[in-house]
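> Pasting the sequence and the predicted coordinates here, then a few questions.
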Amino acid sequence: MTGSFYMPGEWHPHRRCWMAWPAGTRLWGEKTGEAHAAFVAVARAIARFEPVRMLANPEDAPNARQLLDGVAEVIEASYDDSWLRDTGPSFVIDGTGGIAGTDWVFNGWGERQPHERDAALAGWILDREGITRRPSPLVNEGGAIHVDGEGTLLAVETTILNQNRNPDLTHVEIERELCAATGAEKVIWLPGGLDGDYGPVGTDGHIDTVACFARPSLVLAQVTRDPADSDYETLQENLRALKAATDARGRKLEVVEIEQPARREDEATGGRLPMSYVNFYLAGVPDGKQGLVLPIYDDPADEPAIAALQAVFPEREIVTVPGTILFEGGGGVHCITQQEPMP
């Protein structure tokens, strides 16, 4: 794919990681301090392997600078929410030293919340960095897609195809634009996302809580072995779709199953927290130590998940961080981070 812009796999060496500090107290309320501690833990873990840049609204910047002293560079910016995976640019490279950023249309996860400042954030980051902006007409979020860097893209049908995102585009038109924006040649659609990800603060089932590429032709899939679990049928359907699929190069996918944590209720909404072990962040610069920052939940499934991921990523140091508090706000480690690849 050398010579044209494409989105590399997340294991591709990074230049840095981008994050955005929680905006005020809207999402976490009385638990905002706990959320701040979790953001610091994530930034500190990533900073062991690559530089971190933390955006912060001006009113939140002094607190962020104090808590992140020596951990991350804090940059003042204007935004509505802290899920930078979705509101930041999706970086693409051309294999010859060029880098650009895909700037999707952002509509607040299907008009769920105010998003005027978030919609402008990707463009602001790219302008600030002097990186070419590649605007896409598609309503999409970075957490709704996952790529292998060799032409294959994973997505969930209930997000980008949703009437609250792209009602005037056909399935074929959406696929065509996804491929044009990311350099992909084939889209593998999974039927659904996690229970708990479809409510007022949900995403309609982002891919980054149910499946991800670990390397070309190898996919990690979150599952539950409990037929009574509310996620069981959907995750089984996802599993069947993955096992039946081939990638853009015609290879059958190898699928590694990761058992999910037990059901936990969201105290604020009464719904289920869509907690995930595949919502991790791969960190590392060229020729440096390689890390995997993993959310855990004080759950019996934590240790098996760590062991399974270590077997898939033997060369990476796994660093665990508190995950429950992040999902109480609506997302996880992958959701609050965005890698900038080395061109």
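Ah, there it is. Numbers count the residues shown, from 1 in each chain.
> and residue 203, what does it touch?
Counting by C-beta atoms under 8 Å, 6 or more residues apart in numbering, residue 203 makes contact with 86, 109, 141, 143-144, 159, 193, 197, 330-331. Just so you know, the C-beta spots here come from the backbone N, C-alpha and C atoms, and that holds for glycine as well.
> Restricted to helices, list the residues you listed.
With helices defined by DSSP state H, the entries of the contacts of residue 203 inside them are 86, 109, 159.
> Could you give the backbone dihedrals for the residue nearest to the second one when sequence neighbours are not counted?
Okay, so that is residue 109. Spatially, and ignoring its direct neighbours in sequence, residue 109 is nearest to residue 203 (5.2 Å; C-beta to C-beta, 6 or more residues apart in numbering). Taking degrees, to the nearest 10, you get phi -120, psi 0 for the backbone angles of residue 203.
> try residue 338
According to degrees, to the nearest 10, residue 338 has phi -150, psi 120.
> again with residue 327
phi -70, psi -20.
> Setting aside sequence neighbours, what's the nearest residue to it?
Spatial nearest neighbour of residue 327, excluding adjacent residues (C-beta to C-beta, 6+ apart): residue 273 at 4.6 Å.
> Report the contact partners of that neighbour.
Going by C-beta under 8 Å, 6+ apart, the list of residues near residue 273 reads 196, 264-266, 324, 327-328.
> Show me what counts as buried in the helix or strand hosting residue 243.
When elements are assigned from DSSP states H and E, residue 243 belongs to helix 232-244. Neighbour-count burial for helix 232-244 flags 234-235, 238-239, 241-242 (criterion: 16 or more other C-beta atoms under 10 Å).
> would you turn those into CSV with pLDDT and distance to residue 113?
As requested, those are exported to CSV (pLDDT from 0 to 100; distance: C-beta to C-beta, whole Å):
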residue, pLDDT, distance to residue 113
234, 98, 25
235, 98, 27
238, 98, 27
239, 98, 32
241, 98, 30
242, 98, 31
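> Only the buried subset of the contacts of residue 203, as a PyMOL command please.
Restricted to buried positions by 16+ other C-beta under 10 Å, the PyMOL selection for those reads:
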select buried, resi 86+109+141+143+144+159+193+197+330+331
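> Alpha carbons of stretch 192-206, as PDB, please.
Provided in PDB are the C-alpha atoms of stretch 192-206 (Å, rounded to 0.1, in the frame of the first residue of the first chain):
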ATOM      1  CA  GLY A 192     -23.800  -5.800  17.000                       C
ATOM      2  CA  GLY A 193     -22.100  -4.300  20.000                       C
ATOM      3  CA  LEU A 194     -22.400  -4.700  23.700                       C
ATOM      4  CA  ASP A 195     -25.500  -4.400  25.800                       C
ATOM      5  CA  GLY A 196     -25.200  -1.000  27.600                       C
ATOM      6  CA  ASP A 197     -23.700   0.700  24.500                       C
ATOM      7  CA  TYR A 198     -27.100   1.600  23.100                       C
ATOM      8  CA  GLY A 199     -28.500   4.000  25.700                       C
ATOM      9  CA  PRO A 200     -28.400   7.800  26.100                       C
ATOM     10  CA  VAL A 201     -24.600   7.800  26.600                       C
ATOM     11  CA  GLY A 202     -24.000   4.900  24.200                       C
ATOM     12  CA  THR A 203     -22.400   4.700  20.800                       C
ATOM     13  CA  ASP A 204     -24.800   2.200  19.100                       C
ATOM     14  CA  GLY A 205     -22.200  -0.600  19.500                       C
ATOM     15  CA  HIS A 206     -18.700   0.600  18.700                       C
END
